[in-house]
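Trainee: sequence plus predicted model, see below.
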Amino acid sequence: MTTGVLGAGALGLSCALRLAQAGEAVVVLEREPVPGGLAAGFPVGEAYLERFYHHLFRTDTTAVALIESLGLGPRLWWGTPTTAVLFQERCWPLDSPTAVLRFRPLPWLDRLRLGAGAAYLKLVRDYRRLPRATAAAWLRQRMGQRVYDLVWEPQLRGKFGDHAEAIALPWFWARVHCRTTSLGYLRGGFHQLYTRLADQITRLGGRVELGREVTAIGRDSDGTVRVDTTAGTYRFDRLAVTFPTRLFLRLARDLPAAYRACWAEGPVHLGAHCVVLALERQLLPDVYWLSVTDPGFPFLAVVEHTNFLPVTDYGGRHLVYLGNYLPMDHPLYRQSDAEVLAAFLPHLRRLNSAFTPEWVREAWVWKAPFAQPVVTCDYLRRLPPHTTPWPNVYLANMAHVYPQDRGQNYSFRLGEKLARLVLGAVRAPVSVAV
Ligand SMILES: Cc1cc2nc3c(=O)[nH]c(=O)nc-3n(C[C@H](O)[C@H](O)[C@H](O)COP(=O)(O)OP(=O)(O)OC[C@H]3O[C@@H](n4cnc5c(N)ncnc54)[C@H](O)[C@@H]3O)c2cc1C
């Protein structure tokens with residue numbers, strides 16, 4: 001039996017690894033020239049850096065176990081860098097109870113309500129015990145309108161745009177409950193994890209074929225699954241698809257009409273847009289993560305990677321991400337890199353008055369579709385099961401991660417679950433919660 005796995009991101013590679021470890025013949029097909037999907041990296045000096053900012057939390061136990069099992073444990077680096085919000089052109093840390101109490105833009109009583117509300121979410125162990133509500137409604141009611149307007153609304157809007165008011169409370173609960181201030185990073189880049197995964201799959205007899213874009217998925221009359229790619233046609237006994245549901249429906253055109261109609265309106269996704277700058281000098285005063293809530297900025301997050309990792313890892317470059325989540329048809333994706341830089345760089349002087357464009361040694365602009373599912377209250381009803389109308393064809397993608405915000409850890413976990421489903425070790429359909 002040969003199993004095809006479509007996509008060499010965290011999900012596809014962890015699924016393929018478990019299949020290969022179970023003695024299955026497995027072939028992974030991936031469009032990009034490097035593995036890693038949304039967590040893929042590019043070379044910067046001696047190291048690799050993710051196209052989009054990435055770190056781990058202490059609760060990412062599946063990712064940590066995988067890193068250790070692949071011999072990369074000694075490269076895992078933990079720290080507690082400062083995360084802050086920008087309010088009236090000043091960075092305010094908001095990552096600890098004391099920081100909340102020092103957050104002077106809010107009156108005392110509101111600071112207490114903010115701290116108490118966050119503490120409550122930390123204490124609630126099961127999100128199903130929370131009211132069925134949007135995060136916005138719950139936050140307003142629990143922490144007050146002023147806290148919502150000043151702290152949460154700009155963050156929800158930054159992340160989800162016009163969908164901010166519709167985000168489900170369980171998603172917000174998971175952001176607070178499951179995340180830690182202690183953050184982890186694989187020194188040298190997560191790229192090492194993905195290449196090591198691909199190497200291990202190969203060592204176990206599987207194949208990871210990069211640079212192969214899947215253009216169609218179908219079935220032959222004998223039930224074999226057929227996958228057309230830009231590098232030829234493949235035939236498999238079983239297929240595990242890790243693409244977004246909408247892309248799967250587009251590629252598998254012969255799926256029954258009723259199935260296609262049922263899932264065509266799958267969860268809305270936003271795309272991600274990130275400018276990465278290699279600077280001569282430090283930009284932010286020891287802040288790793290800055291949520292930009294002040295109006296007028298063309299980006300929602302400034303992540304100074306080298307305020308977490310040593311600059312010496314990158315040949316002395318200070319690495320800064322300027323990130324955005326935007327609808328996938330947003331005009332920013334069509335702008336040239338020069339246009340994007342011309343629009344973004346002047347705003348850095350509002351963060352550091354000494355900044356000049358001469359600080360920029362190198363710059364990269366990265367874009368990805370299907371980067372952030374929009375987790376609304378009807379979200380679970382929009383997720384297809386992992387089994388499909390075609391026997392032996394399975395579907396799991398990062399939208400199936402719920403209620404946690406998508407992340408490498410949960411895709412690794414879902415990939416392992418998908419492998420168990422493919423091997424028949426669990427009864428279909430497996431639950432969507434990971
Ligand atoms: C801005 C941003 C910040 C993030 N920050 C963090 C973080 O700090 N920590 C963290 O753990 N996670 C973070 N994540 C999330 C993390 O990157 C994802 O959850 C994870 O990488 C998803 O893996 P996946 O395999 O499920 O999906 P993907 O990585 O999307 O994998 C799908 C794969 O399918 C391939 N593919 C798509 N279409 C085709 C085709 N037609 N033919 C062949 N191949 C195709 C893609 O190239 C891709 O490799 C972040 C994501 C973004 C966008």
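Mentor: Cool, got the structure.

Trainee: tell me the mean pLDDT over the helix or strand harbouring Ala342?
Mentor: Using DSSP states H and E, Ala342 sits in helix 337-344. The average pLDDT within helix 337-344 is 98.

Trainee: give me the contacts around it.
Mentor: Helix 337-344 is contacted by residues Val275, Pro298, Phe299, Leu322, Leu332, Gln335, Val360, Ala363, Trp364, Val365 when judged by Cβ atoms under 8 Å, 6 or more residues apart in numbering. Backbone N, C-alpha and C define where each C-beta goes, glycine included.

Trainee: can you tell me how far the spatially closest residue to the last one that is not a sequence neighbour sits from Arg361?
Mentor: In this case it means Val365. Sequence neighbours aside, Asp337 is the residue nearest to Val365 in space, at 4.5 Å (criterion: Cβ to Cβ, 6 or more residues apart in numbering). To Arg361, Asp337 is 15 Å away according to Cβ to Cβ, to the nearest Å.

Trainee: so which bits of the stretch 151-300 of the chain are right by the ligand?
Mentor: Proximity of the stretch 151-300 of the chain to the ligand is confined to Glu213, Val214, Thr242, Phe243, Leu247, Ala272 under the rule Cβ under 6 Å from any ligand atom.

Trainee: now the buried members of the residues you listed.
Mentor: Val214, Thr242, Phe243, Leu247, Ala272 (16 or more other Cβ atoms under 10 Å).

Trainee: among the residues you listed, which lie within helices?
Mentor: Among those, the ones falling in helices (DSSP state H) are Leu247.

Trainee: in a markdown table: the buried ones among the residues of the stretch 151-300 of the chain next to the ligand, plus distance to Gly223 and pLDDT.
Mentor: Shown next, in a markdown table, are these (distance: Cβ to Cβ, whole Å; pLDDT from 0 to 100):
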| residue | distance to Gly223 | pLDDT |
| --- | --- | --- |
| Val214 | 19 | 98 |
| Thr242 | 22 | 98 |
| Phe243 | 21 | 97 |
| Leu247 | 23 | 96 |
| Ala272 | 38 | 98 |
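
Trainee: for the contacts of helix 337-344, work out which two are farthest apart.
Mentor: Of all pairs drawn from the contacts of helix 337-344, the greatest distance, 19.0 Å, lies between Leu332 and Val360 (Cβ to Cβ).

Trainee: give me the residue from the stretch 101-250 of the chain nearest the ligand.
Mentor: Val214 (3.6 Å; Cβ to the nearest ligand atom).

Trainee: isn't that residue right up against Glu32?
Mentor: No - at 11.9 Å, Val214 does not count as touching Glu32 under the criterion of Cβ atoms under 8 Å.

Trainee: stretch 334-343: which residues count as buried?
Mentor: Here stretch 334-343 shows Val340, Leu341 as buried, counting by 16+ other Cβ under 10 Å.

Trainee: which strand residues bridge the residue of the stretch 101-250 of the chain closest to the ligand?
Mentor: Counting by DSSP bridges, Val214 forms beta bridges with Thr229.

Trainee: sorry, back to before: most surrounded residue in the contacts of helix 337-344?
Mentor: Leu322 (26 neighbours; other Cβ atoms under 10 Å).

Trainee: just confirm that residue is within a strand.
Mentor: Yes - Leu322 forms part of a strand when assessed by DSSP: H, G, I helix; E, B strand; the rest coil.

Trainee: pLDDT wise, what is it at?
Mentor: Confidence score, pLDDT, at Leu322: 98.

Trainee: the one 3 residues further on too?
Mentor: pLDDT recorded at Tyr325 is 96.

Trainee: got the contact list for the nearest residue to it once chain neighbours are set aside?
Mentor: Closest residue to Tyr325 apart from its sequence neighbours, by Cβ to Cβ, 6+ apart: Leu270 at 4.5 Å. By Cβ under 8 Å, 6+ apart, the contact set of Leu270 is Phe160, Gly161, Tyr325, Leu326, Pro327, Met328, Ala371, Gln372, Val374.

Trainee: strands - which of the residues you listed land there?
Mentor: Tyr325, Leu326, Pro327, Ala371, Gln372 (DSSP state E).

Trainee: surely the second one touches Tyr333?
Mentor: The one in question is Leu326. Yes - with contact defined as Cβ under 8 Å, Leu326 counts as touching Tyr333 (7.4 Å).

Trainee: now the common contact residues for these two.
Mentor: Gly271, His273.

Trainee: in the sheet, who's paired with the residue nearest to Asp313 when sequence neighbours are not counted?
Mentor: The shortest distance from Asp313 to any non-neighbouring residue, by Cβ to Cβ, 6+ apart, is to Ala47 (5.3 Å). Beta bridges link Ala47 to Val44 when assigned by DSSP bridges.

Trainee: quick one, helices of the stretch 301-434 of the chain?
Mentor: Secondary structure of the stretch 301-434 of the chain by DSSP state H, counting those that start in this stretch: the helices cover 337-344, 408-422.

Trainee: may I see the buried residues of the last one?
Mentor: The one in question is helix 408-422. Buried, per 16+ other Cβ under 10 Å, within helix 408-422: 408-419, 421-422.

Trainee: so what does that helix touch, helix or strand wise?
Mentor: Contacts defined by 3 or more Cβ pairs under 8 Å, 6 or more residues apart in numbering; DSSP states H and E place helix 408-422 against helix 10-21, strand 56-57, helix 61-69, strand 238-241, strand 393-395.

Trainee: columns mean pLDDT on top of the ones you listed, output as a markdown table?
Mentor: As requested, these are exported to a markdown table (pLDDT from 0 to 100):
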| stretch | mean pLDDT |
| --- | --- |
| helix 10-21 | 98 |
| strand 56-57 | 98 |
| helix 61-69 | 98 |
| strand 238-241 | 98 |
| strand 393-395 | 97 |
